[in-house]
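[1] Sequence and predicted structure below; questions after.
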Amino acid sequence: MLHTTFVRHGNWLSFVAGLALPFAFAPFGQFWLVPLLLALLVATWDEATPRQAAWRGFLFGFGAFLFGTHWLYVSLHVFGKAPLLLAIPLMAALMALMAAYTAAVGYLVTRFVPRGGWRWLIAIPATWVLAEWLRSWVLTGFPWLSLGYTTTDSPLAGWIPLGGVFAASLAMAVSAGAIRALFEPRLRLLAAAVLLSMWAGGFALQQVAWTNATERELQVSLIQGAIPQDRKWLPEELIPTMRLYRDRTVENWDSDLIVWPEAAIPAWRSSLSEFFDSMREQGQQTDTGIVVGVIEYDLDDNAAYNGVVGLDETVTTYYKRHLVPFGEYFPVPSFIREWMRLQSLPHSDYTPGGDDQSPLLVAGEPIAASICYEDVFGNELRMMLPAATLLVNVSNDAWFGESIAPHQHLQIARVRAIEAGRYLLRSTNTGLTAVIGPRGHIESQIPQFETTVLTTRVRPFTGATPYVRFGDWPVVVLVLAGMVVAGLGARRRRA
């Protein structure tokens, strides 16, 4: 009867399972749902043709992104002022594109590997993770909702320092395949052993200290201005905003490091040079370094940058490398850009920073900086490691309002801390501002939408996790090898 249900109602089951998948991510945190829901999808593929499996994979992916990224409506339409006729098609196109990856997984595994152990335990996990990896960089990349992000509070988080978020995704996908295989009597013992090895192995790896704390301890203060997005850029808010950050900074001169969020002051840095010079000079008197999210305009190059500046004995700068499509640059033809200008919509682009930028040097520590959405790309952040001893992410999640996006974003930052084996200081305009430990635990956090300061003590870390040394490539090679082995095994079985 159960088998008949999967055959007859596979489309609806796939879509509903996809809709439920975001409950495994923050703020809900039900990570155990991932292997169960993915096993359900795998079961709907058992008797499906490649075309049917592709459609069910598409429905699963579309459902997941429909619920998991519905906050795009808030950022595009409510705050971005994009008209509904533009915002809805953009959202639908992104969701369909993301769902196409899951559709490709369904098609490939049913086309080339027959149902059974080769498919469930090797082919599907390997193909799924390869699709996630491709999704992280093709067309600038959108790795949101990668399965590995759900593992932050599970034993599977132990795989993250070894191979990054995709190693954790692989452990989740293998677990799902093992659950499906448990229902086959001849595979039950093997499936149970595989399932146990994934979770017990992750737990054991959590006990390994990949990096080392230095003897130095820093007092850090993260300022959360809590300025509503619909008021942040109003001209009359400039002076009150400058006073807010100045006063909160002055109150915390006893800290070694103070961090302001992304684009903290809504004006070009060059127009406020006296203000920033004054803050830097006062900080030098108390041996306090300041990390400030700024926007820069280079008159010589006619280029705008979203940046972070370290104000200390020397001024060091980092410019955002990975810009947000339709937020910080607009990949559209010139005639559409002209239409956007006529409609008084944002239409100009920021310029990306170079890939060879060095860590900021603030408070005597090299700091790997990232800005907002950049912390989704772990393989890019590791370019500053192991030289950097701390990670700092500045963000403005006010774009997402009271949606689930800031919680998802914080969970992503937790994975970056685990990958690097270092503290991550996350300062945001409206929240969630937090200090994340090197094992991904949130050690301190302040409420959203409150003007306040988070002050605590952290230690810089040295050394390198396997992920910092080798990046995504070990996992990519492993899954490619798995696909080849599964294909050869399936061919041998047919013969």
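    Received the coordinates, thanks.

[2] wait, His409 sits on Asn393?
    No: His409 sits out of contact with Asn393 when judged by C-beta atoms under 8 Å, with a separation of 9.1 Å. Backbone N, C-alpha and C define where each C-beta goes, glycine included.

[3] which residues do the two both contact?
    Shared contacts of His409 and Asn393 (C-beta atoms under 8 Å, 6 or more residues apart in numbering): Asp375.

[4] So these two - more neighbours on which side?
    Asn393 (31 against 23; other C-beta atoms under 10 Å).

[5] neighbouring strands for the helix or strand that contains that one, and are they parallel or not?
    Asn393 belongs to strand 390-395 when elements are defined using DSSP states H and E. With DSSP bridges as the test, strand 390-395 is paired with strand 365-371 (parallel), strand 424-428 (parallel).

[6] any chance of those in a markdown table, plus mean pLDDT?
    A markdown table is the format used below for those (pLDDT from 0 to 100):
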| stretch | mean pLDDT |
| --- | --- |
| strand 365-371 | 97 |
| strand 424-428 | 97 |
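
[7] so which of the ones you listed gets nearest Leu19?
    strand 424-428 (28.2 Å; C-beta to C-beta).

[8] And the contacts of the next helix-or-strand element following the closest one?
    Downstream of strand 424-428, the first helix or strand assigned by DSSP H and E is strand 434-436. Strand 434-436 has contacts (C-beta under 8 Å, 6+ apart) with 220, 222, 410, 413-414, 417, 423-426, 442-446, 454, 456, 458.

[9] Name only those of these that count as buried.
    Neighbour counting by 16 or more other C-beta atoms under 10 Å classes 220, 222, 410, 413-414, 417, 423-426, 442, 444-446, 454, 456, 458 among the contacts of strand 434-436 as buried.

[10] Keep only those of these that are in strands.
    Among the buried ones among the contacts of strand 434-436, the residues falling in strands (DSSP state E) are 220, 222, 424-426, 442, 444-445, 454, 456, 458.

[11] Looking at those, which two lie furthest apart in space?
    Farthest pair in these (C-beta to C-beta) is Val220 and Ile442. Separation: 14.6 Å.

[12] Tell me where the model's unsure across the stretch 201-350 of the chain.
    326-327, 329-348 (pLDDT under 70).

[13] where do the strands sit along it?
    Here the stretch 201-350 of the chain has its strands, by DSSP state E, counting those that start in this stretch, at 212-213, 218-224, 257-259, 289-298, 303-311, 315-319.

[14] what's the answer for the stretch 51-200 of the chain, then?
    Going by DSSP E, counting those that start in this stretch, the stretch 51-200 of the chain shows no strands.

[15] Now do the same contact list for the residue nearest the centre of the chain.
    Taking C-alpha atoms, centre = their mean, the centroid of the chain lies closest to Val376, which sits 2.9 Å from it. Contacts for Val376 were tallied using C-beta under 8 Å, 6+ apart; they are 141, 143-144, 412.

[16] separation between Ala369 and Val292?
    To Val292, Ala369 is 11 Å away according to C-beta to C-beta, to the nearest Å.

[17] That should have said Phe60, apologies.
    On the measure of C-beta to C-beta, Phe60 and Val292 end up 43 Å apart.

[18] same thing with Thr150?
    Here Thr150 is placed at a distance of 33 Å from Val292 (C-beta to C-beta).

[19] The two: which has the busier surroundings?
    Under the criterion of other C-beta under 10 Å, the comparison of Thr150 against Val292 puts Thr150 first, with 30 against 27.

[20] so that one touches Trp32, yeah?
    No: judged on C-beta under 8 Å, Thr150 makes no contact with Trp32 at a distance of 9.1 Å.

[21] Overlap in contacts, the two.
    Common neighbours of Thr150 and Trp32 (criterion: C-beta under 8 Å, 6+ apart): Ala24.

[22] residue ranges for the helices of the stretch 351-495 of the chain, please.
    For the stretch 351-495 of the chain, the helices defined by DSSP state H, counting those that start in this stretch cover 378-381, 405-420, 466-470, 473-494.

[23] Of these, which is nearest Glu47?
    Per C-beta to C-beta, nearest to Glu47 of those: helix 473-494, 16.4 Å.

[24] Can you point out the buried residues in that closest one?
    Buried residues in helix 473-494 (16+ other C-beta under 10 Å): 474-476, 478-479, 482-483, 486-487, 489-490.

[25] That'll do, ta.
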